[in-house]
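Asks: just coords:
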């Protein structure tokens, strides 16, 4: 690996850390908001959900369980829109194929053979990846704040 690839890989790794934090917080929120005599009994169900499924399930649970807290519902819906855009980036970064475009640019291409062979890809400079990290960190921080205010305090 050359220096650009190492730096890009480190940044993509930071993004992966942010995505896994968010995935864990989504699961924790579902577990804590759903009434159950044994919350541990929910773990196998939650663990079967993908990232988008957790977001969607939590949206439904929030609308039901926190319906008396309109701020919680409204804030989650606004956050959901931002997180869903991040989710598409996450999918591309986690499932996509990476390579070098030029001396200072890497590309992320689809893993689907038809799209990959057609040349469809997004190019990223290190500054672009830093911006993606900043955006992901902000989305995670917003959810963590929401979780602290409406889930942890509601439990």
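Replies: Right, received. Where do you want to start? Quick caveat, the model's predicted, so the values are computed rather than measured.

Asks: Which pLDDT value belongs to residue 122?
Replies: pLDDT, residue 122: 81.

Asks: what's near enough to touch residue 107?
Replies: Each residue near residue 107 by CB atoms under 8 Å, 6 or more residues apart in numbering is listed here: 98, 99, 100, 101, 121, 122, 123, 124. C-beta coordinates here come from the backbone N, C-alpha and C atoms, glycine included.

Asks: And residue 77, by the same measure?
Replies: Counting by CB under 8 Å, 6+ apart, residue 77 touches residue 59.

Asks: Look up how far residue 62 lies from it.
Replies: 8 Å (CB to CB, to the nearest Å).

Asks: just residue 141 next, same as before
Replies: 18 Å.

Asks: So for those two, which residue has more residues nearby?
Replies: Remark: of residue 141 and residue 62, residue 62 carries more neighbours, 23 against 12, as counted by other CB atoms under 10 Å.

Asks: My reading is that that one is in a strand; is that accurate?
Replies: No. Under DSSP: H, G, I helix; E, B strand; the rest coil, residue 62 falls outside any strand and is assigned helix.

Asks: from what I can see it touches residue 72, true?
Replies: Yes. Using CB atoms under 8 Å, residue 62 is in contact with residue 72, at 6.5 Å.

Asks: Pull up the overlap in contacts between these two.
Replies: residue 150.

Asks: residues in contact with the most centrally placed residue in the chain?
Replies: Nearest to the geometric centre of the chain sits residue 19, at 4.3 Å (CA atoms, centre = their mean). By CB under 8 Å, 6+ apart, residue 19 lies in contact with 51, 90, 93, 94, 136.

Asks: Residue 1 now?
Replies: Counted by CB under 8 Å, 6+ apart, residue 1 has contacts residue 9.

Asks: tell me which residues in the biggest helix by length in the chain are buried?
Replies: Assignment by DSSP state H gives helix 3-33 as the longest helix of the chain. Within helix 3-33, the residues scored as buried using 16 or more other CB atoms under 10 Å are 4, 8, 11-12, 14-15, 18-19, 21-23, 25-27, 29-33.

Asks: Low-confidence bits of this protein, can you list those?
Replies: Along the chain, segments meeting pLDDT under 70 span 110-120, 154-155.
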